[in-house]
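> this is the structure alone, sequence omitted:
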């Protein structure tokens, strides 16, 4: 396998330099670019072709799951390489599309293993994070969704289309679509059609 190309998105020079120094002596890893903000990362992705995006979660311009969703649209697997502890905020980033998590205290050999795994389509998540995600999946919409998202979900459960939900709530269709996408991510369903079926089953089960 050729060297795994990584775009490093981190605003800590010591971290970036550490990865670059490791890559300089490790033929299996290539740093093809760096970015210190989310805006810079988007610009790099416009003309770069990394196998993996290495992302610190505490960056200028970082807006949580929204940012990860936007970056994931480039179809580059995202490794969360961060000092941020495993918690619900990190779980939300995984639900939004991140494929791996690695603490910055980890040795560089572990970093190499993680990016190579993501490149081949695997997920690399610690057991504690997998357990947190599994616990979330066991919870229902009432616990996982915000009040506004739950309102949209209930209307979808009644069989309303996105446009009809928008009319019912006095919101734009694009706003309702955004809510529906977030609901889909939180509930772990893959498509809009599956979300509707999920909502209808939920309504039926509740009687």
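Arrived safely. Bear in mind the structure is a predicted one, so any value in this text is a computation, not a measurement.

> domains for this protein, by residue range?
Under automatic domain parsing, the residue ranges defining each domain of the chain are 4-135, 139-206.

> neighbours of the residue lying closest to residue 60 once chain neighbours are set aside, how many?
Nearest-residue entry for residue 60: residue 37, 4.4 Å, with adjacent residues in sequence omitted and distances by CB to CB, 6 or more residues apart in numbering. Every C-beta, even on glycine, is put in place using the N, C-alpha and C of the backbone. Residues lying near residue 37 (other CB atoms under 10 Å) number 14.

> for residue 37, what are its contacts?
Taking CB atoms under 8 Å, 6 or more residues apart in numbering as the definition of contact, the neighbours of residue 37 are 11, 59, 60, 61.

> pretty sure the first one contacts residue 62?
Okay, so that is residue 11. No: here residue 11 lies out of contact with residue 62, judged by CB atoms under 8 Å, at a distance of 9.8 Å.

> hey, least reliable of the domains of the chain by pLDDT?
Here the domains of the chain differ in mean pLDDT, and the lowest is domain 139-206 at a mean of 87.

> okay, the contacts of residue 37 in a markdown table with neighbour count next?
Supplementary listing: the contacts of residue 37 in a markdown table, determined by neighbours: other CB atoms under 10 Å:
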| residue | neighbour count |
| --- | --- |
| 11 | 17 |
| 59 | 21 |
| 60 | 10 |
| 61 | 14 |
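
> strands - which of those land there?
With strands identified by DSSP state E, none of the entries of these belong to them.

> next helix or strand past the helix or strand hosting residue 7?
Secondary structure assigned from DSSP states H and E places residue 7 in strand 4-9. Downstream of strand 4-9, the first helix or strand assigned by DSSP H and E is helix 13-25.

> centre of the chain to that next one, how far?
Between the centre of helix 13-25 and the centre of its host chain there is 24 Å, according to CA atoms, centre = their mean, to the nearest Å.

> list the buried ones in that helix?
15, 16, 18, 19, 22, 23 (16 or more other CB atoms under 10 Å).

> now do the contacts for the third one.
With contact taken as CB under 8 Å, 6+ apart, residue 18 is in contact with residue 108.

> what about residue 165? Give its phi and psi, please.
Main-chain dihedrals, residue 165, degrees, to the nearest 10: phi -60, psi -40.

> quick revisit: so which two of the buried residues of helix 13-25 are the farthest from each other?
Taking CB to CB as the measure, these span a maximum distance of 12.8 Å, between 15 and 23.

> thinking residue 30 is in contact with residue 6, fair?
Yes: using CB under 8 Å, residue 30 and residue 6 qualify as a contacting pair, with a distance of 6.9 Å.

> which neighbours do the two share?
Taking CB under 8 Å, 6+ apart as the contact criterion, the common neighbours of residue 30 and residue 6 are residue 23.

> tally of neighbours for the closest residue to residue 203 other than its chain neighbours?
Ranked by CB to CB, 6+ apart and with sequence neighbours excluded, the top spatial neighbour of residue 203 is residue 157, at 3.8 Å. The burial metric for residue 157, expressed as a neighbour count using other CB under 10 Å, is 19.
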